[in-house]
Each structure stands twice: as C-alpha cells, then as structure tokens.
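Undergrad: Fold the stuff below for me.
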Amino acid sequence: MKILSKVAPIFTLALASMVFSCKKDDSQIIEQKNPIVLSGNITANTTLDANEQYILKGQVYVKDNVTLTIPAGTIISVHATDTIANKGALIITRGSKININGTNNNPVVFTSNASTKAPGDWIGIIILGKAATNGANGLLNITGLASSADTEFGGASDDDNSGSIKYLRVEYAGGLNPAMEEEWALDMASGLSLDGVGSGTTLENVMVKYSRDDAFQFVGGTVNGKYLIAYNNGDDNFDFDRGYRGKLQFIISYRSVPSTVAIRANGMESLNDKDASDIMPYTHPIISNMTNIGPSADQPITDQSQGIYIRRNTRFNVQNSIIAGYTDGGLMLCPKTKPLLINNLGSLFKYNLVNSDDPTKTFMYDNGPSGVNIMSDPQVAAFAIETGAAIEKPSVNNNAIVTALADLKLKTIYAADGPDLTPLSGSASVSGSNFDDADFATFFTKVAYRGAVATNANWAASSNWASWK
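TA: This next block holds a predicted model:
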C-alpha cells in the first residue's frame, strides 16, 4: 500500500484475496485484486489512495487528534453483515478530523460490499465534534453504540473544526435501526451522523441514499451545510436533535416510494429532547432553499409520514422552500411546537410553497403521545398564507398552499432515472424568496428563487456524484 502521509498509519491494514469486478460491459474479464482492509483504530495522520481498493470492517475509529484524508475518486466498500455488533462504521472521534476531497466527476463513495446491496448493510459515517449539545455539561454519546471516551461528543467549542467534506456519497447504511423503531426515542446513528460538529467544519455536496434509518443526522452542534441530497431512505431524510443550531441551504429531501421501515419517515424531523424539556441550547435548525418531495403514489393509511414534523419543543426557521407530495401533510406541529410558531416565540415559517396530496392536510397537528391522533390544522393554515397588512403574527406568513403537485411546475418530479427539480417557466418558485430575517445575515447565498434548484443551474442533476439509481 502506498501511504501518502508523512507519518505511517497505525491501524490494521490487512490484505485479503477477493474477486472484484470493475465491469464496464458483459465481455470484460473479472480481475483479481487485493483490497486493503481498514479495521481497528487509526492513530496517525493517514491519506488513502484513490488507486487502491478498500474494505472497511467493523467499527473503525479515527482518534488521538489525527486527520484521515480521502482523495477524490476513492471508493470504500464496507463489509456487510447481519450481526449488529460487527456492523461497519467510520467514526471520527472528538479532536480528530476527516478531509473528504471528492469532486463532481470523482466523488468519494462509501457503499456496501455485498453482492446484493441492501439498506442497513452497515451503520454509516459518524463525526464527533466539540460543539455544544443540550446533554449534561454539553456532552452526549453516540446512540446505538456502547458508551466510551471514543463515542463521546459535544462540549463548548461551537466553532470547532472536524475537517472538510466535499462530494461524498453514502449508500446502504442505517444498520442499527430496528424495524418500526420507537420514534419517541433519539434515533440510532445512521447515514451521515454529525454529532456535536462545529461551524468550522465544511459540509458541501453530500448525497445519502438507501439508508435503512435516517440519512443526515445533526445531533447538537453548529455545523452548516450546502448542496445536500437525501434519497429514498428508510426513516427521516434530515433529522435534528439535542441542540443542533446550524444553517443549511440548497438541500433536497426526496422519496419516490413510501418507506417500508418506519411509520413516520419524514422529509425533515426535529426534537429538542425525548422529554420535550427546556434544556438548552434548544434545537433550532435554520433552513433556506429546501426542496422536500414525498412519494409518487398515495401513502398507505398506516404511513403517517410528513414533509416536516416539528416536535418535542424544537425551535425552527424554514423559509424559501418547497414542501410537497406527502399524503399526510406538509408541515405538522405538536402541543410543544405550535405555540412557538403562531405566537412568534422563536420559530419562523415564511415564503414557502406547501402542498399535500390531500389539500386539507397541508398543515397538520399531532395532539397526542400515542402518535395516531393527528388532524388538519386550519388555524396554522390560515396564519401561514396571510400577507401584508393582514398578518396577525409575523412568524407564519407569506406562504402559499399549492393545491396540486403539478402546479409547482417543476420539470420532472418523478422518473425512473431520478428527478429534475428545475423550475419551468411560470413556476411560482422562480421568485418570491426573502432573506430579510436576521438568521440569514451570514452564510446564506441570497437568491431570488425558492426551493433547492435554479432555472439555469441544476446542481443536483444525475452525475457521478448525484447518482439517482
């Protein structure tokens, strides 16, 4: 193996004989390769080589304040197993860093090594930082793994830097998630988990697809991100917990078919903590230019998935976005989150285009801990579309209810080879955005359009990185 870092890595590098197919056509000969096995601990600065083949086995910890660098074009296959204790994961511990230097044409890819890949073949990439959570003393441990110094995250350094991630694709993760996971608890780690990660970290152009559990998990921390895609994951596409306070722009939550794993596989979900308490910092994601699309067909009656579900005392700010295609609702609040919005007590929902398969369910209310007492919310719907002098509460206004999905006038919402969410001429999304709120004073790119994609630059078009297959 060629090591590009100056310090030789101290971690298990085992050679295994395995057959790999770099198949370009049916006539190509299958080549014999000797992949490099990554396992155990990485305790020295290490740079992988895009010309090598890698298999990750078990839980690999990058620790002792070192940096793992993964160059463009590197593919890491994760050993697939049904045994939860042996499920693969890459874990960047507090103080260590990961630099993923992919490009659109040569992304870094983490995927299953199974001959027939399936959601849940491995756990995911878990990055642990030193930014605050609302756990005791600002600290928490990874949910789903045994607690130790290597699974702890959080602290008091909100500008902490865990590295740089650009042009990454994560596939078939979510291996800790049981079927029909009890949704009132904090989700198991899955997909790309950013736990206590600080705002000094770069997060751009990441796609998570076919996770059995959540795609993106933000647990505490302040990391910001742009150009993120979550595609056909088993549970929530974007999940915010335990004091996350970062900013996200140009993000796509897309589900072409209903989940068969979770009762509520939401496009976006957020909680403050399991007890809906007032522990601080409050979970408070700030989002602009999201396109959040639900399944192409009506969800079965047992599927209560929402475009956005804000629960358990979360504050939030979602503006300039499109939420559409969910049968059971575009935005759902609960007794702990509705007052925060309609009484202007820390939450904002403005300048959005909101749709549901059933227009009467565009805005919903969850009025019970059983999880089945959900109903239409005409009060929030009335506030949401108020404009100008008629506005009663400044926190909910200037939204539009879109009766039919086709009225959004996006180029191709559902297709076998993936969507094209570019607005067509006459689409309400080509204009109408607003960035006047103080939350948008920094980080955000001020654009005229709503949703994640502009008319003349579809960054999410099918490519080597954004693979919709």
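
Undergrad: going forward, measure contacts between C-alpha atoms and count neighbours the same way
TA: Will do.

Undergrad: pLDDT-wise, which helix or strand of this protein ranks last?
TA: Ranked by mean pLDDT, DSSP states H and E, the weakest helix or strand in the chain is strand 18-20, scoring a mean of 35.

Undergrad: and the helix or strand harbouring residue 382, what other elements does it pack with?
TA: Assigning secondary structure by DSSP states H and E places residue 382 in helix 378-384. Applying 3 or more Cα pairs under 8 Å, 6 or more residues apart in numbering; DSSP states H and E, one finds that helix 378-384 makes contact with strand 363-366, strand 396-397.

Undergrad: hmm, who's touching stretch 456-464?
TA: Here stretch 456-464 makes contact (Cα atoms under 8 Å, 6 or more residues apart in numbering) with 104-107, 227, 229, 418-422, 453, 466, 468.

Undergrad: Residue ranges in the stretch 251-400 of the chain under the pLDDT threshold?
TA: For the stretch 251-400 of the chain, applying pLDDT under 70 flags the ranges 300-303, 369-372.

Undergrad: just so I have it, where are all the strands in it?
TA: With strands called from DSSP state E, counting those that start in this stretch, the stretch 251-400 of the chain shows them at 268-270, 286-293, 308-310, 317-319, 322-324, 331-333, 348-350, 353-354, 363-366, 374-376, 396-397, 400-401.

Undergrad: before we move on, back to that, identify whichever of the helices and strands packed on helix 378-384 lies nearest to residue 154.
TA: When those are compared for distance to residue 154 using Cα to Cα, the nearest one is strand 363-366, at 30.9 Å.

Undergrad: buried ones in the closest one?
TA: By neighbour count on 16 or more other Cα atoms under 10 Å, the buried set for strand 363-366 is 363, 364, 365, 366.

Undergrad: what's the answer for stretch 122-140, then?
TA: Judged by neighbour count using 16+ other Cα under 10 Å, the buried positions of stretch 122-140 are 122-135, 138-140.

Undergrad: Equivalent analysis for stretch 99-111, please.
TA: Of the residues in stretch 99-111, those buried under the neighbour-count criterion (16+ other Cα under 10 Å) are 99, 100, 101, 102, 103, 104, 106, 107, 108, 109, 110, 111.

Undergrad: can you tell me which of the residues you listed are in helices?
TA: The helices in this structure, assigned by DSSP state H, contain none of the buried residues of stretch 99-111.

Undergrad: among those residues, which are in strands?
TA: In strands, defined here by DSSP state E, the members of the buried residues of stretch 99-111 are 99, 100, 101, 108, 109, 110, 111.

Undergrad: farthest pair in these?
TA: Farthest pair in these (Cα to Cα) is 99 and 111. Separation: 17.9 Å.

Undergrad: tell me the contacts of residue 332?
TA: Taking Cα under 8 Å, 6+ apart as the definition of contact, the neighbours of residue 332 are 306, 308, 309, 310, 363, 364, 365, 366.

Undergrad: Include distance to residue 64 when you put those residues into CSV, please.
TA: Putting these into CSV (distance: Cα to Cα, whole Å) gives the following:
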residue, distance to residue 64
306, 41
308, 38
309, 38
310, 37
363, 48
364, 47
365, 47
366, 45
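
Undergrad: For residue 297, state which of those residues is nearest.
TA: Closest approach to residue 297 among these (Cα to Cα): residue 306, at 14.0 Å.

Undergrad: Does the closest one touch residue 325 like I think?
TA: No - using Cα atoms under 8 Å, residue 306 makes no contact with residue 325, being 9.2 Å away.

Undergrad: Quick one: residues contacting residue 241.
TA: Listed by Cα under 8 Å, 6+ apart, the contact partners of residue 241 are 186, 217, 218, 219, 220, 270, 271, 272, 273, 283.

Undergrad: and the third one, what are its bridge partners?
TA: According to DSSP bridges, the partner residues bridging residue 218 are residue 194, residue 240.

Undergrad: what's near enough to touch it?
TA: Taking Cα under 8 Å, 6+ apart as the criterion, residue 218 is in contact with 193, 194, 195, 196, 238, 239, 240, 241, 244.

Undergrad: between these, which is closest to residue 80?
TA: The nearest member of the contacts of residue 218 to residue 80, counting by Cα to Cα, is residue 193 at 19.1 Å.

Undergrad: quick one: that closest one and residue 124 touch, right?
TA: Yes - Residue 193 is within contact range of residue 124, at 7.5 Å (criterion: Cα under 8 Å).

Undergrad: can you redo the contacts of residue 218 as a markdown table with pLDDT and distance to residue 340?
TA: Compiled in a markdown table, the contacts of residue 218 are given as follows (pLDDT from 0 to 100; distance: Cα to Cα, whole Å):
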| residue | pLDDT | distance to residue 340 |
| --- | --- | --- |
| 193 | 98 | 27 |
| 194 | 98 | 26 |
| 195 | 98 | 25 |
| 196 | 98 | 25 |
| 238 | 98 | 21 |
| 239 | 96 | 19 |
| 240 | 97 | 17 |
| 241 | 95 | 17 |
| 244 | 98 | 17 |
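
Undergrad: The most centrally placed residue in the chain and residue 82: what is the separation?
TA: Central residue check for the chain by Cα atoms, centre = their mean: the C-alpha nearest the mean position is that of residue 216, 2.3 Å away. Note on residue 216: its distance to residue 82, by Cα to Cα, to the nearest Å, is 22 Å.

Undergrad: excluding its backbone neighbours, what's nearest residue 158?
TA: With Cα to Cα, 6 or more residues apart in numbering as the criterion, residue 158 has its nearest non-adjacent residue at 4.1 Å, and that residue is residue 131.

Undergrad: Can you check the pLDDT for that neighbour?
TA: Residue 131 is assigned a predicted lDDT (pLDDT) of 98.

Undergrad: Wait, it touches residue 201, no?
TA: No - under the criterion of Cα under 8 Å, residue 131 lies out of contact with residue 201, with a separation of 10.8 Å.

Undergrad: Quick check: neighbours shared by these two?
TA: With contacts taken as Cα under 8 Å, 6+ apart, the residues that reach both residue 131 and residue 201 are residue 160.
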